[in-house]
Structure formats: structure tokens, C-alpha cells
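Q: Sharing a model that was predicted from the sequence below.
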Amino acid sequence: MKIKNIWNSVLAGASALCLSSTIALAETELTYSSWIPWSHPVNEAIYIPWMEAIEKESEGRIKFRRLPKPVASPPAHYDAVRTGQADVAFSVHGYARQQFAPYLFAELPFLGESAEATSIALHRTHEKFLTDKNLYRGVHLIGMNMHGPGVIHHSKKNILKPADMEGQKMRTGGPIPQAITEAWGGVSVRQPSSKAYEILSTGIADGIMFPFESVISFKLTDVVPYSTTVPGGWYSSSHYLIMNQAKYDALSDEDKAVIDKYSGEAFSKLAGNGWDRINDNGLKVITEAGNNIVEASPELIADLEKLNEKFLADFYAEAEKLGLDGAAMLEYFKSQVGN
């Protein structure tokens, strides 16, 4: 009898061990590398809710581990995910201009006031024109979004005419802000966004082109108290979220379905809505601080439209080299912004 009881205990223990092993195997931990602080509004409004939604939907089978430090520089996060240094990360199309040249249109002026609308339009344009171009080699694309209308912020004045830009040192983070600055006689200061406070507070730069959110998150409210807007933005920027391909492929069909549910247009909607909320909050904080916010005059907008004609020509030429109809892409994108 004792032998039988001992044997039953052994079997029970083995079963429990097998069950716990099965549970452990059923759980997938995905490392997420963020090159902005976890307390940054973009993480709090977009990427953390995205992770939490997947963890909840999967009933805990998928878990994310937020790495305390980024595994690479911001431009290097694509390769970091591709090679498995991290499982998930977001980055910016503009960081790899050659690879992501088809998305240049998403940085143009006048694209729209709502990041949710432009993000969804960007996804649909990608789906219609770019899914077969193998642009995300070696990674699994979750989705993409835009950050909403860019604004000119300055330490001493509003930019009311092209001559106001002459001699001004502007921190520019992309080709469109740089082109606008230089076309009107300004000097482009090429520094990462993390250096914004340092270069503006010390006078290395006179101004910056940022969405309203970034003025708050980089603590620039008192440093650049003059803001000039144009309808639809001076420029915009497009971002993407990716996952290591091998990690995605190793998921069960059930868990792939969870990831897929929060990918594509669903992700664009979530991310765009998040950007709209933090942009609105940025504008609210800046307004309450008494900053001088003006909309560009019709004359200045007309001058920007002339510059935009060159930007469009450059995009169309670049798209043609890639076998794409740039005009058709942009027309379709604009048609989707209002839908």
C-alpha cells in the first residue's frame, strides 16, 4: 500500500511538472526596446496601451518585457529587431531614406490636422501600392502611423514671411523642414530631438519644427514661446512598428491572430488617436502658458505652396525610379484622409 501511495505521488508530481512546463511553453515573452523614455507621452499614449491590449487579449500567453535601456540608436532599431537584439520596436521612415523612399509623401506640408485620419490613410496607401515592394525585409510589420501637423516654434519671433527665416538657425529633423529652412535663407542645425532643449536654451539654434506634443515632452514651452501654424502642418513624419520575424513565425495560430488583431489599420487608428490626444494636450499647455501662437498668413501659405511644388516633383521623380506612380499614391492618400 505504501509503495502504491508513493507511486501515485510520483505520478502526480510528474503530471504537475508537465503541466507547469506546458504553461511555461505556452507563454511568449517579447522584449520591447524603446529609444524614448517609457514615461514619454508617445509611449504612454500608444505603445504601452498596444502591449497591454495584446497581453489582455491573449489571456497572458503573450507578455512584453520593456527593456530599461534601448539596445541601439534610434536609426538602428530596424536592424536591432531584424537581428533579434530586441523582439519589438518602433522607428521612423525618415531614418532610412533610401529604404523607405516611397513614404516621402508622408512628410509633405498640408497633409491634414488629424493624426488618426492621416495614419489610417497612410496604412491604406501602403496596402494599395506598397505591400509587394518588400520594404520591410527580415521583419514582420505591425503597422504605421503619422505624428500630426508640424509647427514652427521660435525663441524670439513668429515666422510671418519667408524673410523672417533668413539667418535663423533651425533644428530640423527631416528633409522637408531642412528644405524649407534653407530655401528661405535659414541655417539647418542637424541634431537629434533629444538635444532640442540643450541647443535651443543655449542659442545654438533659434527655433525648431515640431508637433505641439514635442514642445511639452522636451520641456521647450518657455524656450520657444512663438509658434506659427499652417493648415495641415508645415510637415509631418511617418513611423512604423515592427516585430522580429522569427518570433512572429514561432507563435501559435491563436496568438498570431491576437497580434494581427492589433496590427494594420487597427494599429494606425490606435497610434493616430494617441498622437491627436497628446498633440491636443500640448497645444492646451502651450496656450495656457501664454505662448504666442499664430496661423501663417495667406501670403506665407502661398510661398510654402510654391516650395511644395518642388517637393512634389522630387517625390514623383523618386517614385518613378521605383516603378511607382507618385501622383496616384498621393491622390489616393488624400482621398482617404477624409474617409
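A: In hand now; what should we look at? Only a predicted model underlies this, so the values are computations on that prediction, with no experimental measurement involved.
Q: got the domain boundaries for this protein?
A: Domain assignment for the chain, taken from automatic domain parsing, gives 27-146+237-280, 151-235+290-337.
Q: how near is residue 247 to residue 85?
A: The gap separating residue 247 from residue 85 is 12 Å, by C-beta to C-beta, to the nearest Å. All C-beta atoms are positioned from the backbone trio N, CA, C, and that covers glycine.
Q: I misspoke; the intended subject was residue 138.
A: 13 Å.
Q: ditto for residue 185
A: Counting by C-beta to C-beta, the gap from residue 185 to residue 85 is 43 Å.
Q: more neighbours, those two?
A: Looking at residue 185 and residue 85 with other C-beta atoms under 10 Å, you find the greater number of neighbours at residue 85, namely 18 against 13.
Q: secondary structure element for the residue lying closest to that one once chain neighbours are set aside?
A: What sits nearest to residue 85 in space, not counting adjacent residues and going by C-beta to C-beta, 6 or more residues apart in numbering, is residue 71, at 4.5 Å. Per DSSP states H and E, residue 71 falls between elements, in no helix or strand.
Q: how about the helices of the stretch 101-250 of the chain, start to end?
A: Counting by DSSP state H, counting those that start in this stretch, the stretch 101-250 of the chain has helices at residues 115-129, 175-183, 196-201, 212-217, 245-250.
Q: Show me how far the third one is from its chain's centre.
A: The offset between the C-alpha centroid of helix 196-201 and the centroid of the whole chain comes to 22 Å, using C-alpha atoms, centre = their mean, to the nearest Å.
Q: Residues in contact with that helix: which ones?
A: 155, 171, 189, 191, 204-208, 210, 214, 218-220, 223-224 (C-beta atoms under 8 Å, 6 or more residues apart in numbering).
Q: The residue nearest to residue 85 reaches residue 84, doesn't it?
A: No - judged on C-beta atoms under 8 Å, residue 71 makes no contact with residue 84 at a distance of 10.1 Å.
Q: And these two? Which one has more around it.
A: Legend: neighbour count by other C-beta under 10 Å for residue 71 and residue 84, higher for residue 71 (17 against 12).
Q: Next up, the contacts around that one.
A: Contacts of residue 71 by C-beta under 8 Å, 6+ apart are 33, 77, 80, 85, 86.
Q: is it true that residue 229 touches residue 153?
A: No - Residue 229 is beyond contact range of residue 153, at 10.1 Å (criterion: C-beta under 8 Å).
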